[in-house]
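Q: need coordinates for the following:
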Amino acid sequence: EDVASSASITFLILFLLVNFALIRMRKTRPDMERPFRAPWVPWLQYLTIAIQIGLAVHLATLSPIAWVVTIVWLGLGVLVYKMYGATHEAAKEQDTILLEETVAAREYSVLLPVASESAARRLAQLGALFAQANHGELFALNVVRVPHQLGVIDGRAFLRQGRPILEEVISVGREFDVPVRTMIRLGRDIGDSIISAAQERNANLLLLGWPGYTHSRKQAFGTIIDLISKNPPCDLAVTRFRRALQPKRILVPVSGGPNARMALEIAITQAESLERNGSDGVEVVALNLALGVSQEDTAALKKQRQEIIEHLDIAGWPIKIRVEPAQDVVKDILRVAADFDQIVIGASEERLLEQSLFGSIPQRVAEEATTTVIMVKRHDMVKFGLRRWLMGRKK
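A: This is a model prediction of the structure:
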């Protein structure tokens, strides 16, 4: 009877953990493919957990020795896992590089995580402009997420599907005369694999594409971009493509934010590179909005224009500076942007308990604009180093 009660308690604990894992994974991995979805999450699971705890407590009153046996078995299991299982599993979880080819190593590297041929071409065409301007390389990365049912090494069967995607980036590199480094990497988590590749290969700029939507309300841009955007391993640019044509006019909304200068640098670099590749003069306009200032108050507008030049230290830059009165920042940016082909906007300054990864204004602009939007965020060595240290401590 005691042995049967101990086995029942063990199974109750097992099913309790299953219900807890289901609730947890709905929050942490909402985009995971699920052949079956449990109904009424999380309320049905909360009810089930409460019933299982009640049954386990009831068994303790019937057979106290059963709980002692269960605790001893669980303790032995944890001990064996710590001694052997954890280290063995960690070795299995490390990323595996299936393929890496380097044509010509360059100091400046633009990292392009690519998952499809169509997306790879558009991202590569944009990335090639920055690589060309900095005499650098394109670093095309295809990460294959290996299901937990397989070992990472067993994922070699996925090599064939990544090669055509990388070939698309290589063809763009030839068009722009930019060398292309390629890598196919196997890993459990795509976001972590991208971060590791950026850090290991010293990437300078990371370009990500965003379709403009996410499958979860609790995620701003999706699991991968959300993870990387919190503390990017290098300078980051997230692009929502709207128009296939090369831009003729680029709008850069600026204020006193920490990433405004980077947004201007990205826009100017792109414009100059396009001109070198045969495009007519590409115009870059810095837009600063004066809240609560009327159009007739020219003195206030001129003063604000001079302040933004001095604050960002952009005197003499090849840009036009436009200061306009505004009532609603997002609506007025979108109004002005109607005459432009592209918007480049820096992440706004983070505040306490800020939920948006780029700030609410850049995110809303990216969601509502009818033109291509590039959101940029400067790499912060202190924040990134602290994040990696904390992740290492957790492991």
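
Q: for the stretch 101-250 of the chain, which spans come out with low pLDDT?
A: 147-159, 212-224, 227, 244 (pLDDT under 70).

Q: all strands of it, in order?
A: Ranges of strands within the stretch 101-250 of the chain are 109-113, 137-145, 180-187, 205-209, 235-240, 249-253, based on DSSP state E, counting those that start in this stretch.

Q: which residue ranges of the chain form helices?
A: Ranges of helices in the chain, per DSSP state H, are 2-28, 43-62, 64-80, 86-93, 117-133, 159-176, 190-200, 223-230, 260-276, 298-312, 329-337, 360-368, 381-394.

Q: make CSV out of those and add distance to Leu111 and mean neighbour count.
A: Bear in mind the C-beta positions are built from the backbone N, C-alpha and C, glycine included. Converted to CSV, those look like this (distance: least, CB to CB, whole Å; neighbours: other CB atoms under 10 Å):
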stretch, distance to Leu111, mean neighbour count
helix 2-28, 25, 15
helix 43-62, 39, 14
helix 64-80, 40, 14
helix 86-93, 22, 12
helix 117-133, 8, 21
helix 159-176, 11, 17
helix 190-200, 5, 19
helix 223-230, 10, 20
helix 260-276, 15, 20
helix 298-312, 27, 15
helix 329-337, 28, 18
helix 360-368, 20, 20
helix 381-394, 15, 11
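
Q: can I get these in CSV with distance to Pro318?
A: Converted to CSV, the helices of the chain look like this (distance: least, CB to CB, whole Å):
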stretch, distance to Pro318
helix 2-28, 45
helix 43-62, 59
helix 64-80, 63
helix 86-93, 49
helix 117-133, 13
helix 159-176, 21
helix 190-200, 30
helix 223-230, 29
helix 260-276, 6
helix 298-312, 14
helix 329-337, 20
helix 360-368, 24
helix 381-394, 29
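
Q: do you know how far the nearest residue to Gly346 once chain neighbours are set aside is from His379?
A: Counting by CB to CB, 6 or more residues apart in numbering, Gly346 lies nearest to Asn259, which is 2.9 Å off, once chain neighbours are set aside. Distance check for Asn259 against His379: by CB to CB, to the nearest Å, it reads 11 Å.

Q: what about the two, which has more around it?
A: Counted by other CB atoms under 10 Å, Asn259 and His379 do not tie: Asn259 has more neighbours, with 23 against 18.

Q: low-confidence stretches in the stretch 251-395 of the chain?
A: 349-359, 380-395.

Q: please redo it, this time with the cut-off set to 90
A: Scanning the stretch 251-395 of the chain for pLDDT under 90 picks out 255-259, 276-281, 289-302, 304-305, 307-316, 324-329, 347-367, 378-395.

Q: the helices of the chain: which one's closest to Leu99?
A: Nearest to Leu99 among the helices of the chain is helix 159-176 (6.7 Å), distances taken as CB to CB.

Q: helices or strands next to the closest one in the packing?
A: strand 96-101, helix 117-133, strand 137-145, strand 180-187 (3 or more CB pairs under 8 Å, 6 or more residues apart in numbering; DSSP states H and E).

Q: so what touches it?
A: Contact with helix 159-176 is made by 98-99, 112, 114-117, 120-121, 124-125, 128-129, 131-132, 138, 140, 142, 144, 179-180, 182, 184, 277, as judged by CB atoms under 8 Å, 6 or more residues apart in numbering.

Q: now for Ala290, how many residues are close by?
A: Neighbour number of Ala290 under other CB under 10 Å is 18.

Q: separation between Lys303 and Lys320?
A: From Lys303 to Lys320 the distance is 18 Å (CB to CB).

Q: likewise Arg174?
A: Applying CB to CB to Arg174 and Lys320 gives a distance of 34 Å.

Q: how's this structure carved up into domains?
A: Here the chain is described, according to automatic domain parsing, as comprising the domains 2-93, 96-234+383-394, 249-376.

Q: could you export the ones you listed as CSV, including distance to Phe241?
A: Shown next, in CSV, are these (distance: least, CB to CB, whole Å):
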stretch, distance to Phe241
domain 2-93, 21
domain 96-234+383-394, 5
domain 249-376, 5
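
Q: closest to Arg243 out of those domains?
A: domain 249-376 (5.5 Å).
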